[in-house]
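1. heads up, no residue letters with this:
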C-alpha cells in the first residue's frame, strides 16, 4: 500500500492516503488490523469484494502501567468483550457499499466464517443482524460496520443509527492529542511505517490541533 503521496508544493500540505490514516487511528486505539481483507468466492478466480480495514480490539486493552493511554470513547464504550469492526473508508462523505448492505450477496457471512468469530450455526443470525442494524452484540463480542470519511452521512445515521461514523478531523485531532500527551513514550519508533513517521513529525511541528489538521490533504 502506498501510504504517502508526494507533497503538494502549492500549499505545502502533505497528501496522505485515506486508508493509511484510518489504519493508524485504529492502531493507536488498540486494534489488530488487516488492510484490504479479501472476500473470496466459492468458485471462479475473481474476488467478491474486500474490507478496507478489518480490525479487532480486545476487551482488556491497556497501554502503559502508569497513566494508561485513553482510547476514543467510540471504542471504550464496548466493555468486557471483543470489538470487531468492518471499516468502510472513503476520502469524501461516509458511505456503505453494496457488499455490506445487500443480504442476498452473503458477503458478511463470508467475512464471519473467514475470521472464525462464531460457530457455523450462528453465522447467518449474526449476519442478518448486521444487515438490518449495522452491528451484532452478544456477551463475547460486538461486531459492527464502521464508516470513515470527511463528513457524516445522514442517510446512514437514519438507517443505521448505531454504526459509528468517524471524520478525518476527529481522527487527526485524536492522533495529535495522543502524540502530544505521550510524546516521551511515543518518541522511539524506528519500526513505524512512513505514514506513522509523517503523522508524528507533523505533530511535533504543529503548535495546536488546528494547525496539525491543516497540514494534510486526504487522498
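-> Received it, and whenever you're ready, just let me know what you need. Just so we're clear, the structure is a prediction, and the values are computed from it rather than from any experiment.
2. End to end on stretch 186-199, go ahead and measure it.
-> Using C-alpha to C-alpha, to the nearest Å, the span of stretch 186-199 from its first residue to its last is 12 Å.
3. cool, and stretch 60-78?
-> With C-alpha to C-alpha applied, stretch 60-78 spans 10 Å between its terminal residues.
4. same thing with stretch 53-66?
-> Start and end residues of stretch 53-66 are separated by 31 Å (C-alpha to C-alpha).
5. what do you get for stretch 89-106?
-> Stretch 89-106 has its terminal residues 20 Å apart, counting by C-alpha to C-alpha.
6. From the rest of the structure, what touches it?
-> Where contact means C-beta atoms under 8 Å, 6 or more residues apart in numbering, the residues beyond stretch 89-106 that reach it are 18-19, 22, 39, 48-49, 52-53, 86, 88, 107-108, 127-128, 130-131, 134, 145, 147-153, 156, 160, 163, 165-167, 218-219. C-betas here are computed from N, CA, C, even on glycine.
7. Select from the residues you listed every entry located in strands.
-> In this view, the contacts of stretch 89-106 that belong to strands under DSSP state E are 39, 49, 52-53, 86, 88, 145, 147-149, 165-167, 218.
8. and residue 15, bridged to which residues?
-> In this entry, residue 15 is beta-bridged to residue 217, by DSSP bridges.
9. Out of the ones in strands among the contacts of stretch 89-106, the closest to residue 202 would be?
-> Of all these, the one sitting nearest residue 202 is residue 218; the distance, using C-beta to C-beta, is 13.4 Å.
10. Check the ones in strands among the contacts of stretch 89-106 and tell me the two furthest apart.
-> The distance between the two most remote of the ones in strands among the contacts of stretch 89-106 (C-beta to C-beta) is 26.4 Å, for 39 and 167.
11. Now render the ones in strands among the contacts of stretch 89-106 as a markdown table, adding neighbour count.
-> Formatted as a markdown table, the entries for those read as follows, by neighbours: other C-beta atoms under 10 Å:
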| residue | neighbour count |
| --- | --- |
| 39 | 18 |
| 49 | 17 |
| 52 | 19 |
| 53 | 25 |
| 86 | 26 |
| 88 | 22 |
| 145 | 24 |
| 147 | 24 |
| 148 | 27 |
| 149 | 22 |
| 165 | 22 |
| 166 | 21 |
| 167 | 16 |
| 218 | 20 |
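12. need those in CSV with distance to residue 196 and pLDDT, can you?
-> Formatted as CSV, these follow (distance: C-beta to C-beta, whole Å; pLDDT from 0 to 100):
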residue, distance to residue 196, pLDDT
39, 27, 82
49, 28, 81
52, 18, 93
53, 15, 96
86, 23, 96
88, 22, 96
145, 26, 97
147, 23, 97
148, 17, 98
149, 21, 97
165, 24, 98
166, 18, 98
167, 20, 98
218, 16, 94
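13. Pick the one among those residues closest to residue 193.
-> residue 53 (14.5 Å).
14. mind checking how far that closest one is from residue 184?
-> Here residue 53 is placed at a distance of 29 Å from residue 184 (C-beta to C-beta, to the nearest Å).
15. Please apply the same query to residue 111.
-> Look at residue 111 and residue 184: by C-beta to C-beta, they are 39 Å apart.
16. Over to residue 196?
-> Using C-beta to C-beta, one gets 17 Å for the distance from residue 196 to residue 184.
17. who's more crowded, the two?
-> For residue 196 versus residue 184, neighbours defined as other C-beta atoms under 10 Å are more numerous around residue 196 (20 against 7).
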